[in-house]
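Visitor: Here's a sequence, model it:
(one chain, ligands or ions: 1)
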Amino acid sequence: MKKIEMIDLSAHYCGIKQKIDRAVLDVIQSGKYINGKQVEDFSINLAKYTAAKHIIPCANGTDALKLALLALNLKEGDEVIIPDFTFIAAAEMIALLRLTPVVVDVDPHTFNIDVNKIAGAITGKTRAIIPVHLFGQCCDMAPIMEIAHEKNLYIIEDNAQSIGAVYTFPDGRKQQAGTMGDIGTFSFFPTKNLGCYGDGGALATNNESLSQKLKMLTMHGQAKKYEHRIIGCNSRLDNIQAAILNVKLPHLDADIASRQLAAKTYSRQLAGKTTQIETPAIQSYSGHVFNQYTIKINSEKRDSLRKHLLENNIPTMIYYPTSVHSQEAFRKITKLGSDLSESEKLCRSVLSLPMHPNLSGEQINYIVEKLLEKL
Ligand SMILES: *Cc1c(COP(=O)(O)O)cnc(C)c1O
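Guide: So this is what the prediction gives:
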């Protein structure tokens, strides 16, 4: 059996090696490495895939969040609501721009922001909500959009982890993660579901004027060369990464299907075998693209289980061991928008198992066998 990786990027590369090698070599041989046709093609391809009106490529998913916040003209001290249980990027960019991150508790079953706790966190200073579609599943966007509409708040979807996930509105309308809010942000960090071979990111919006502003912000605030209308930054997806993404995007749906199959196999094999772990819950309103397959286990057992798995050459990860408001850099500056008990509990109980499109049935059987051995 092949060595089990948390995510096996070289196995994935092997499956598309010829096309990738050709695409990368073409860029190198062209002598043009920045602002090339590959980048333009990618923004068209991703717009087609997501059905977003505008896609603006940028350097990475963290920059995408920064650019989105910059585009909204927020003032120092304005408040932005985020989930407490997530990757730090959103809180970090909010704080870097001298805005106030307001953390709200999450739903213990979806790991996503608890929509019932958002209203209580809104004050006269609240300007935006950043729902993070965590691990591959959409936040419950209909009620979030309703609150945002009622309170006149912007929505920036942090869609670094859930590209390709489809949300179903109560009226049956379907929309892709990252295209429902005012702006959606994407990351193409190698371990994301659509990953390049370096750093990459993008923004999605259906708003024409926001799209123009975002584009300018990525290019030193220029509308034309050397005409700087606003203060921007330099945040580009380069031609090599765009060429790689153009090769990989047509494979994304098949990759997602492989992840879903792996998740189904895990969940089926674990069902009814133990009461000590909880497998991921799939919601009726959202598809799940399984960037992570995250189980919950009693905190006293988690360390020994991880150790046992590692001794059997099975890597696991804890996404995330510490909540936003408990991080040293954020403790003093973060405003608590609700009680945060579920977020705290998740930090002690989550465990992500190996998950990627090249995970074999044999590998999953082995992982489950070793897992159950210890419970
Ligand atoms: C990966 C990630 C980011 C940041 O993306 P980078 O491309 O690494 O900057 C932001 N938010 C979430 C939820 C992520 O998982």
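Visitor: Is Lys307 located within a strand, as I assumed?
Guide: No: Lys307 sits outside any strand when classified using DSSP: H, G, I helix; E, B strand; the rest coil, being helix.
Visitor: ok, it - contacts?
Guide: Listed by Cβ atoms under 8 Å, 6 or more residues apart in numbering, Lys307 has no contact partners. C-betas here are computed from N, CA, C, even on glycine.
Visitor: what does the one 10 residues further on give?
Guide: With contact taken as Cβ under 8 Å, 6+ apart, Met317 is in contact with Met6, Gln292, Leu351, Ser352.
Visitor: of these, closest to Leu309?
Guide: Ranked by distance to Leu309 (Cβ to Cβ), these are led by Leu351 at 9.0 Å.
Visitor: Next secondary structure element downstream of the one helix or strand that closest one maps to?
Guide: According to DSSP states H and E, Leu351 maps onto strand 350-353. As assigned by DSSP H and E, the chain's next helix or strand after strand 350-353 is helix 361-374.
Visitor: Buried residues, that next one. List them.
Guide: Gln363, Ile364, Tyr366, Ile367, Val368, Lys370, Leu371, Lys374 (16 or more other Cβ atoms under 10 Å).
Visitor: Same check on stretch 199-219?
Guide: 199-206, 210-211, 213-219.
Visitor: do the same with stretch 41-57
Guide: Neighbour count says stretch 41-57 has Phe42, Ser43, Asn45, Leu46, Ala47, Tyr49, Thr50, Ala52, His54, Ile55, Ile56, Pro57 buried, by 16+ other Cβ under 10 Å.
Visitor: Please render the residues you listed as a markdown table that adds secondary structure to the earlier fields.
Guide: Shown next, in a markdown table, are the buried residues of stretch 41-57 (three-state DSSP):
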| residue | secondary structure |
| --- | --- |
| Phe42 | helix |
| Ser43 | helix |
| Asn45 | helix |
| Leu46 | helix |
| Ala47 | helix |
| Tyr49 | helix |
| Thr50 | helix |
| Ala52 | coil |
| His54 | strand |
| Ile55 | strand |
| Ile56 | strand |
| Pro57 | strand |
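Visitor: which of the residues you listed lies closest to Phe330?
Guide: Of all the buried residues of stretch 41-57, the one with the least separation from Phe330 (Cβ to Cβ) is Ile56, at 28.0 Å.
Visitor: Next, work out how far apart the closest one and Leu359 are.
Guide: Noted for Ile56: a distance of 33 Å to Leu359, by Cβ to Cβ, to the nearest Å.
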